[in-house]
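In: here are the coordinates; sequence isn't available:
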Ligand SMILES: Cc1cc2nc3c(=O)[nH]c(=O)nc-3n(C[C@H](O)[C@H](O)[C@H](O)COP(=O)(O)OP(=O)(O)OC[C@H]3O[C@@H](n4cnc5c(N)ncnc54)[C@H](O)[C@@H]3O)c2cc1C
């Protein structure tokens, strides 16, 4: 690479970065992508995902346009329902407790459908998520959680597709190239200082798009901003998301924005490694807890496992698990719900106990007060209301009179075999970041746009607070990456 690297430099090589790079290229700009990771670990958190994407659609015809391979038979066997823009707005409002930035949320929701079609036109393929987002009841699948489509090949497939598209579009991707600082003066940002193969160099450009992820893999920042115990969480995804993009933007005067003490965190195998493992992907997660009861070290329940569909509680329950003594919990199931367990419960690297009696099971739950655990299960069983169980709707099968209720899908734990799975807190990504405007341009601390600087993806703050509707991270990366890339490309062409 020479000094004048390209019209636009994109920092990062995840979904947001590639969306920005391809969009800038559409404007006629030359583009180079800088990726800190070596090629075999590149792709950021994006590569760890299942590729699930939340977007607005009005019915099956909308889905058929996105996935023309859907057969009549598949459509006949599936209730895809709708996920209208209004539903998407409602979900974003409800789960963020109405703190989501209205302008950013508006863009996310209103551009979600057209951005999916843009991705498809570029060469990304989508398939319905029958396995994880729909239950088969009496021969018919029903999608229950507003999340219907994933990228073909999941996260690895998405990164591979973007990489192939970048190659086709003559976008250079530099691996092992870490952005250290932005080159900036009073007129704005003019380039990036990078370290690659041990050498530090300055690359000049007309516009920079930062898409370098959150700070979840930075244990010191996690403790500093999220608070005590967050140093003890496991990182679900890439070890390269240490907040570099946020830091170098703040260094040139960017305005911090959003929920800096908040993050997306889930129940994750108690013995998972410190960072994500690409061979396992998202398999350490244990997302079938709405059909379980969760017990902590004291042998007590501590949260309403069935408060809502999984997509609307999983991202905040990691924090609740982190707050338990020893930062762990056991999810307990009996025979009646074992067939509903997601594929991730059947991986080799799982922390499981199984037994044919409750006495034996509770004795096998490592680090748990067995006597209290048994008492809790019996108390729970006695409190379950006998209304029909249905995993596809909030069935109202709840408990009566417990201090911590279970609001839906409450089934007694009384038929062997019994199975239990140990989870701790796995952090996915942080919610705090930098402030952007509706063109994806980074704002400074006076709320003026920083010339030549754009941002997208997890490192942008303002969209998510407290919680998050499943499948929105990739969608936000695509929508705002596309916007930021287009703005950067236009600036480069003009300049
Ligand atoms: C296990 C798991 C499962 C998930 N499942 C889903 C899902 O199904 N659907 C969904 O919507 N979301 C999911 N998410 C969240 C989703 O991964 C993210 O929201 C999204 O991929 C973020 O994209 P991004 O481009 O902003 O960041 P990333 O994909 O993390 O990309 C950031 C990139 O920046 C690079 N980088 C960092 N610092 C530097 C530097 N200094 N210089 C150069 N490059 C740098 C990193 O190496 C990385 O390539 C999941 C996350 C995890 C961990």
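Out: Great, that's in hand. Model, not experiment: these values are computed from the prediction. Residues are numbered from 1 along each chain as shown.
In: ok, and for stretch 179-190, which residues are buried?
Out: For stretch 179-190, burial by neighbour count (16 or more other C-beta atoms under 10 Å) applies to 179, 181, 182, 183, 184, 188, 189, 190. Placement of C-beta: from N, CA and C, glycine included.
In: can you tell me what sits against that stretch?
Out: Contact with stretch 179-190 is made by 11, 34, 36, 191-195, 200, 202, 204-205, 207-208, 210, 212, 244-245, 248-249, 251-252, 450-453, as judged by C-beta atoms under 8 Å, 6 or more residues apart in numbering.
In: let's see which of these end up in helices.
Out: 244, 245, 248, 249, 251 (DSSP state H).
In: near the ligand, from those?
Out: Of the residues in the ones in helices among the contacts of stretch 179-190, proximity to the ligand by C-beta under 6 Å from any ligand atom holds for 244, 245.
In: could I get the ones in helices among the contacts of stretch 179-190 as CSV with pLDDT, neighbour count and distance to residue 166?
Out: Formatted as CSV, the ones in helices among the contacts of stretch 179-190 follow (pLDDT from 0 to 100; neighbours: other C-beta atoms under 10 Å; distance: C-beta to C-beta, whole Å):
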residue, pLDDT, neighbour count, distance to residue 166
244, 98, 22, 21
245, 98, 31, 19
248, 98, 23, 23
249, 98, 30, 23
251, 98, 11, 28
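In: looking at the ones in helices among the contacts of stretch 179-190, spot the one nearest residue 382.
Out: Ranked by distance to residue 382 (C-beta to C-beta), the ones in helices among the contacts of stretch 179-190 are led by residue 245 at 52.4 Å.
In: what sits against residue 191?
Out: 5, 9, 182, 183, 202, 203, 204, 205, 208.
In: which of those residues count as buried?
Out: 5, 9, 182, 183, 203, 205, 208.
In: hmm, which two among the buried residues of stretch 179-190 are most spread apart?
Out: Farthest pair in those, by C-beta to C-beta: 179 and 188, 16.5 Å.
In: before we move on, back to that, next step: the contacts of stretch 179-190 restricted to strands.
Out: Among the contacts of stretch 179-190, the members found in strands (DSSP state E) are 11, 34, 191-195, 200, 202, 204, 207-208, 210, 450-453.
In: ok, and of the residues you listed, which contact the ligand?
Out: Within these, those near the ligand by C-beta under 6 Å from any ligand atom are 11, 34.
In: now the ones in strands among the contacts of stretch 179-190: which count as buried?
Out: 11, 34, 191, 192, 194, 207, 208, 210, 450, 451, 452, 453.
In: got JSON lines for the ones in helices among the contacts of stretch 179-190, with distance to residue 430 too?
Out: Listed next are the ones in helices among the contacts of stretch 179-190 as JSON lines, based on distance: C-beta to C-beta, whole Å:
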{"residue": "244", "distance to residue 430": "13"}
{"residue": "245", "distance to residue 430": "12"}
{"residue": "248", "distance to residue 430": "16"}
{"residue": "249", "distance to residue 430": "14"}
{"residue": "251", "distance to residue 430": "18"}
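In: mind listing what's buried along the longest strand along the chain?
Out: Across the chain, the longest stretch assigned as strand under DSSP E is strand 418-430. Across strand 418-430, burial judged by 16+ other C-beta under 10 Å covers 418-430.
In: ditto for stretch 357-373
Out: So, applying 16+ other C-beta under 10 Å, buried residues of stretch 357-373: 358, 361, 362, 364, 365, 368, 369, 370, 372, 373.
In: just the helices in the stretch 101-250 of the chain please.
Out: With helices called from DSSP state H, counting those that start in this stretch, the stretch 101-250 of the chain shows them at 102-122, 130-133, 154-168, 219-221, 244-251.
In: tell me the pLDDT of the residue in the stretch 251-400 of the chain positioned nearest to the ligand.
Out: Nearest residue of the stretch 251-400 of the chain to the ligand (C-beta to the nearest ligand atom) works out as residue 282 at 3.8 Å. We have a pLDDT of 93 for residue 282.
In: who's in contact with it?
Out: Neighbours of residue 282 in contact, by C-beta under 8 Å, 6+ apart: 48, 49, 50, 155, 236, 344.
In: quick check: closest non-adjacent residue to the fourth one.
Out: When you say that, I think you mean residue 155. Closest residue to residue 155 apart from its sequence neighbours, by C-beta to C-beta, 6 or more residues apart in numbering: residue 49 at 3.6 Å.
In: that neighbour and residue 453: what is the separation?
Out: Distance, residue 49 to residue 453, using C-beta to C-beta, to the nearest Å: 27 Å.
In: again, but for residue 470
Out: Residue 470 is 30 Å from residue 453, by C-beta to C-beta.
In: before we move on, what about residue 372?
Out: Counting by C-beta to C-beta - residue 372 and residue 453 are separated by 55 Å.
In: please apply the same query to residue 121.
Out: Taking C-beta to C-beta, one finds residue 121 at 28 Å from residue 453.
In: likewise for residue 485?
Out: In terms of C-beta to C-beta, residue 485 sits 13 Å off from residue 453.
In: swap in residue 242?
Out: 20 Å.
In: cool, and residue 129?
Out: Distance from residue 129 to residue 453, by C-beta to C-beta: 36 Å.
In: follow-up on the earlier one: which residues are contacting the helix or strand just after the longest strand of the chain?
Out: Counting by DSSP states H and E, the next helix or strand C-terminal to strand 418-430 is strand 433-434. The contact list for strand 433-434 (C-beta under 8 Å, 6+ apart) reads 210, 214, 246, 249-250, 254-258, 442-443, 455, 458-462.
In: which of the residues you listed count as buried?
Out: Here, 16+ other C-beta under 10 Å leaves 210, 214, 246, 249-250, 254-255, 257-258, 442-443, 455, 458-462 buried among the contacts of strand 433-434.
In: in strands only, show me the residues you listed.
Out: Reading strands off these with DSSP E, I get 210, 257, 442, 443, 455.
In: quick check: closest non-adjacent residue to residue 95.
Out: In space, residue 95 is closest to residue 467, 4.2 Å off (C-beta to C-beta, 6+ apart).
In: let me see the contact set for the one you found.
Out: Here residue 467 is in contact with 95, 96, 97, 312, 313, 315, 316 (criterion: C-beta under 8 Å, 6+ apart).
In: try residue 229
Out: Contacts of residue 229 (C-beta under 8 Å, 6+ apart): 322, 323, 327.
In: ok, residue 474 - contacts?
Out: With C-beta under 8 Å, 6+ apart, residue 474 has these contacts: 15, 46, 49, 51, 52, 53, 151, 158.
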